[in-house]
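J.: Quick one, fold the following:
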Amino acid sequence: MTATKPQPRAQQSDYVICPICNRGKLFYQDGDAEDDPIILILPGSKRKARHHTKCDVCRNQVGFTIKN
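T.: Presented below is the predicted three-dimensional model:
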């Protein structure tokens, strides 16, 4: 049996935190990735979101789009 090195746990800053309750983790983002920035769109906003996710703490739906 070979021993494996434990994987490092994700830092709090690696998660996009819910802008409504400031507690729920919406999704994980890799800080080292070369990707376009993510724009969060709150409920009731006039902006249209391309994607949606639900906060696991406050159960509000938050939209997001990727700026390119």
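
J.: List the strands paired with the lengthiest strand in the chain, with their directions.
T.: Longest strand in the chain by number of residues, with DSSP state E as the criterion: strand 61-66. Take DSSP bridges as the rule and strand 61-66 pairs in its sheet with strand 38-41 (antiparallel), strand 51-54 (antiparallel).

J.: how about it: buried residues?
T.: For strand 61-66, burial by neighbour count (16 or more other Cβ atoms under 10 Å) applies to 62-65. For the C-beta atoms, the positions are set from N, CA and C on the backbone; glycine is no exception.

J.: Could you count how many residues lie near K54?
T.: Using other Cβ atoms under 10 Å, the number of residues around K54 comes to 13.

J.: for the one 5 residues further on, same thing?
T.: For R59, the count of nearby residues is 11 (other Cβ under 10 Å).

J.: repeat for Y15
T.: Y15: 14 neighbours (other Cβ under 10 Å).

J.: Not counting sequence-adjacent ones, nearest residue to it?
T.: K25 (4.2 Å; Cβ to Cβ, 6 or more residues apart in numbering).

J.: returning to what we had before: what lies in contact with the longest strand of the chain?
T.: 16, 18-20, 26, 35-43, 45, 47-55 (Cβ atoms under 8 Å, 6 or more residues apart in numbering).

J.: pLDDT score for T4?
T.: On pLDDT, T4 comes in at 57.

J.: and if you look at K46?
T.: Reported pLDDT for K46: 91.

J.: I39 too?
T.: Reported pLDDT for I39: 86.

J.: roughly how far apart are it and R47?
T.: 8 Å (Cβ to Cβ, to the nearest Å).

J.: Please apply the same query to D14.
T.: 25 Å.

J.: between the two, which one's more packed in?
T.: Per other Cβ under 10 Å, whichever of D14 and R47 has more neighbours is D14, with 13 against 10.

J.: where in the protein is pLDDT low?
T.: 1-13 (pLDDT under 70).
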